[in-house]
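K.L.:
coords please:
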Amino acid sequence: MSDQQNLPQQEFSSLKYPPKFSIEQQVVWAYVKAHDHGTIIGYMWANQTSCKASGYHYLIKLALTSASYSFCNQDWAFEKDIELLAEFNSRSVGAVH
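P.N.:
Numbers count the residues shown, from 1 in each chain. This is a model prediction of the structure:
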């Protein structure tokens with residue numbers, strides 16, 4: 001049996017699919033109206049047994065200027081829901097700061 005076959009599913013999945021984003025990158029929720037944004041401070045792999053979607057989930061410290069900051073200063077985001085802030089701003093009419 002190979003070393004990867006001995007790993008628990010969570011570890012194997014995270015080795016097979018490296019995270020798209022890294023700690024300290026600035027990101028934005030690109031597909032919601034508020035476009036909350038902030039800095040990635042952590043991430044984890046989650047599979048369908050622990051949530052409704054398999055993949056990386058990122059812990060984001062919201063920016064002071066983020067719409068939700070007054071009631072939530074950290075939040076989790078699924079990888080498919082966020083984009084790098086700089087890339088989002090480069091193609092958006094209303095840039096997020």
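
K.L.:
from now on I want contacts and neighbour counts done on CA atoms only, so please keep to that.
P.N.:
Will do.

K.L.:
pass me the low-pLDDT residue ranges in the protein, would you?
P.N.:
Within the chain, the ranges that satisfy pLDDT under 70 run 1-15, 48-52, 93-95, 97.

K.L.:
the lengthiest strand in it - contacts with which helices or strands?
P.N.:
Looking across the chain with DSSP state E, the single longest strand is strand 37-46. The contact analysis (3 or more Cα pairs under 8 Å, 6 or more residues apart in numbering; DSSP states H and E) places strand 37-46 against helix 9-16, strand 26-29, strand 55-62.

K.L.:
what's the spacing between the second one and its chain's center?
P.N.:
A distance of 8 Å separates the C-alpha centroid of strand 26-29 from that of its chain, computed with Cα atoms, centre = their mean, to the nearest Å.

K.L.:
ok, and what's touching that strand?
P.N.:
Contacting residues not belonging to strand 26-29 are listed as 35-40, 77, 81-86, 88 [Cα atoms under 8 Å, 6 or more residues apart in numbering].

K.L.:
what about the residue positioned nearest the centre of the chain, distance to Glu24?
P.N.:
With distances taken as Cα atoms, centre = their mean, Tyr58 lies nearest the centre of the chain, 3.5 Å away. Tyr58 is 11 Å from Glu24, where distance means Cα to Cα, to the nearest Å.

K.L.:
residues in contact with both of the two, list them for me.
P.N.:
Common neighbours of Tyr58 and Glu24 (Cα under 8 Å, 6+ apart) are 40-41.

K.L.:
wait, what's in contact with the spatially closest residue to Lys20 that is not a sequence neighbour?
P.N.:
Of all residues not flanking Lys20 in the chain, Glu79 sits nearest, at 7.4 Å (Cα to Cα, 6 or more residues apart in numbering). By Cα under 8 Å, 6+ apart, Glu79 lies in contact with 20, 55-58.
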